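A.B. asks: please find the sequence and the predicted model below.
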2 protein chains.
Amino acid sequence: MSIDERKERQRAERYELILTAALKLAEAEGWDAVTTRRLAGLIEYSQPVLYSHFKGKADIVAAVATRGFEELATRLKTAATRAAGDPDVLRNVCAAYLDFARSRPVVYEAMFVLPTKIKFASEATPPSLRAAFAALVAALGPEREQSDFLAEVLWSALHGLVVLAQSGRIPAAGAEARLSILVLKFSSEP
Amino acid sequence: MSIDERKERQRAERYELILTAALKLAEAEGWDAVTTRRLAGLIEYSQPVLYSHFKGKADIVAAVATRGFEELATRLKTAATRAAGDPDVLRNVCAAYLDFARSRPVVYEAMFVLPTKIKFASEATPPSLRAAFAALVAALGPEREQSDFLAEVLWSALHGLVVLAQSGRIPAAGAEARLSILVLKFSSEP
DNA sequence: CAGATATTCTAGCGTCGCTAGATTTACTTA
DNA sequence: TAAGTAAATCTAGCGACGCTAGAATATCTG
């Protein structure tokens, strides 16, 4: 059965090839440029091969997004532990979120902007996504009332800052000042 | 020159016809369903007629968005004056923002989500958009330091709540609770 | 009514996501 | 090793997209 194993391995490699090609192309020219034809050209296979790995273009984007959830969760957890106990935990975690969005804009877009079938806030939510959200909750400090709602509002603010900045709707300058304001508002006990 | 006036009037009517058809179609089936072909069919003219009024599809969306800015500005100003002096100004204005987004989701999408060439935070920013932002600034109370940054963070939070809810990324339930938290955080002096 | 001008339409270009069916490649068996 | 089968891959094409050149029609002017 070693032949089948090799085939399986080669398929997995080609799967990776597709994902990295999609990511590189999106990073270079945006998700609009990621067409099935160009992707097929990049991996040097014909279009239908893509469909033997993914259900369609949306599925490829979703796969990139899923990896993004893992990276974001890791980053947030790292930021939280590095500043554990510190009064700046919240600031560190928020900064990590914003840094992630800044450093991987197209991945962020795949995760949180493009239409997706990935389930949020349900049983089918990917574990990495739950973990990322849990990191936000934790950063807000010890169990308060309605800490889930609180975390959702914080997340909304962070997400708003990211997308409004990415689409040029708020100026790039002043990001630090906005972060400070946000942290101030959310760390002070009412 | 009355003939030319009639022609001008008819052109203006057809312009309106296009915009209302686009809006209705978007409301019924989403912006993806708004194609130049379907739009042409709805107004009972051929496709190229659309291009004698608008530079392209994006231009039509932008026109819908521009009207949305006016409506939003009006709503926010009304909410502000109705509760003037009241300690609940902020809550009222935020609620008005969220209500607008809830009641006109596709218009909101055209304004703040879909890619657009409309300029934000620049000299070319439409007056209605500036007015809407000014209403947010005003709702935050008398001149504080960095009130523009503060308003931008508030706006980000509101926008985040809207888009994450609209895309199913945070649950529909609990909107009231989140609004309360947001207002609490932004109204308390640090 | 004839000619000029403005308006509208037909038809088509190149692109998209996606897929049926032909073809080639790889493996199995006699 | 050769023939036959199964798996993998490709060619070619469908219908829809935004957009436009140039033909056809309607409208106005002299």
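C.D. replies: Cool, the structure landed. Numbers count the residues shown, from 1 in each chain, chains lettered A, B, ... in the order given.

A.B. asks: next structured bit after the longest helix along chain A?
C.D. replies: If you go by DSSP state H, chain A has its longest helix at helix A:2-29. Following helix A:2-29 in sequence order, the next helix or strand is helix A:36-43 (DSSP states H and E).

A.B. asks: in chain A, which residue is most central in space?
C.D. replies: What sits nearest the mean C-alpha location of chain A, by CA atoms, centre = their mean, is A:G68, with 3.9 Å.

A.B. asks: write out the residues of chain A neighbouring DNA strand D.
C.D. replies: Chain A has residues A:K7, A:Y45, A:S46, A:Q47, A:P48, A:V49, A:S52 near DNA strand D, with proximity defined as CB under 7 Å from any atom of the strand. From N, CA and C alone the C-beta is placed, and that goes for glycine too.

A.B. asks: contact partners for A:A62?
C.D. replies: By CB atoms under 8 Å, 6 or more residues apart in numbering or on different chains, A:A62 lies in contact with A:A110, A:T116, A:K117, A:I118.

A.B. asks: can you classify the first one by secondary structure?
C.D. replies: In the three-state summary, A:A110 is assigned as helix, counting by DSSP: H, G, I helix; E, B strand; the rest coil.

A.B. asks: give me the neighbour count for A:A138.
C.D. replies: 19 (other CB atoms under 10 Å in any protein chain shown).

A.B. asks: ok, the closest residue in space to it that isn't next to it in sequence - contacts?
C.D. replies: Nearest residue to A:A138 in three dimensions, chain neighbours excluded: A:A80, at 6.1 Å (CB to CB, 6 or more residues apart in numbering or on different chains). When contacts are counted by CB under 8 Å, 6+ apart, A:A80 touches A:V89, A:N92, A:V93, A:A135, A:A138, A:A139.

A.B. asks: so can I have TSV of those showing pLDDT?
C.D. replies: Rendered in TSV, the data for those read as follows (pLDDT from 0 to 100):
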residue	pLDDT
A:V89	92
A:N92	96
A:V93	97
A:A135	90
A:A138	90
A:A139	88
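
A.B. asks: of those, which belong to helices?
C.D. replies: The helices, defined by DSSP H, take in A:V89, A:N92, A:V93, A:A135, A:A138, A:A139 from the contacts of A:A80.

A.B. asks: which ones are touching the first one?
C.D. replies: Contacts for A:V89 (CB under 8 Å, 6+ apart) come out as A:A80, A:A83, A:A139, A:G141.

A.B. asks: the third one is in contact with A:D88, isn't it?
C.D. replies: No - A:A139 is beyond contact range of A:D88, at 10.1 Å (criterion: CB atoms under 8 Å).

A.B. asks: which one of the residues of chain A next to DNA strand D sits closest to B:V106?
C.D. replies: Using CB to CB, A:Q47 is the member of those that lies nearest B:V106, at 32.7 Å.

A.B. asks: mind pulling up the phi and psi values for the closest one?
C.D. replies: Here is the backbone geometry of A:Q47 (degrees, to the nearest 10): phi -50, psi -50.

A.B. asks: interface residues of chain A facing chain B?
C.D. replies: A:112, A:115-116, A:120-121, A:146, A:149-150, A:152-153, A:155-161, A:163-164, A:167-171, A:174, A:177-178, A:181-182, A:184-186, A:188, A:190 (CB under 8 Å from any CB of the partner chain).

A.B. asks: and these, which are buried?
C.D. replies: Buried members of the residues of chain A next to chain B, counted by 16 or more other CB atoms under 10 Å in any protein chain shown: A:112, A:116, A:120-121, A:149-150, A:152-153, A:155-161, A:163-164, A:168-170, A:178, A:181-182, A:185-186.

A.B. asks: before we move on, the earlier item: now the longest helix of chain A, how far from the chain's geometric center?
C.D. replies: Here helix A:2-29 is found 20 Å from its chain centre; the criterion is CA atoms, centre = their mean, to the nearest Å.

A.B. asks: helix A:36-43 and that one, what's the angle between them?
C.D. replies: Taking axes from the mean of the first three to the mean of the last three CA atoms, to 10 degrees, one finds helix A:2-29 and helix A:36-43 inclined to each other by 120 degrees.

A.B. asks: list the helices and strands helix A:2-29 packs on?
C.D. replies: Packing partners of helix A:2-29 (3 or more CB pairs under 8 Å, 6 or more residues apart in numbering or on different chains; DSSP states H and E): helix A:36-43, helix A:47-53, helix A:57-82, helix A:105-112.

A.B. asks: make JSON lines out of those helices and add mean pLDDT.
C.D. replies: What follows is these, written out as JSON lines (pLDDT from 0 to 100):
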{"stretch": "helix A:36-43", "mean pLDDT": "98"}
{"stretch": "helix A:47-53", "mean pLDDT": "98"}
{"stretch": "helix A:57-82", "mean pLDDT": "96"}
{"stretch": "helix A:105-112", "mean pLDDT": "98"}
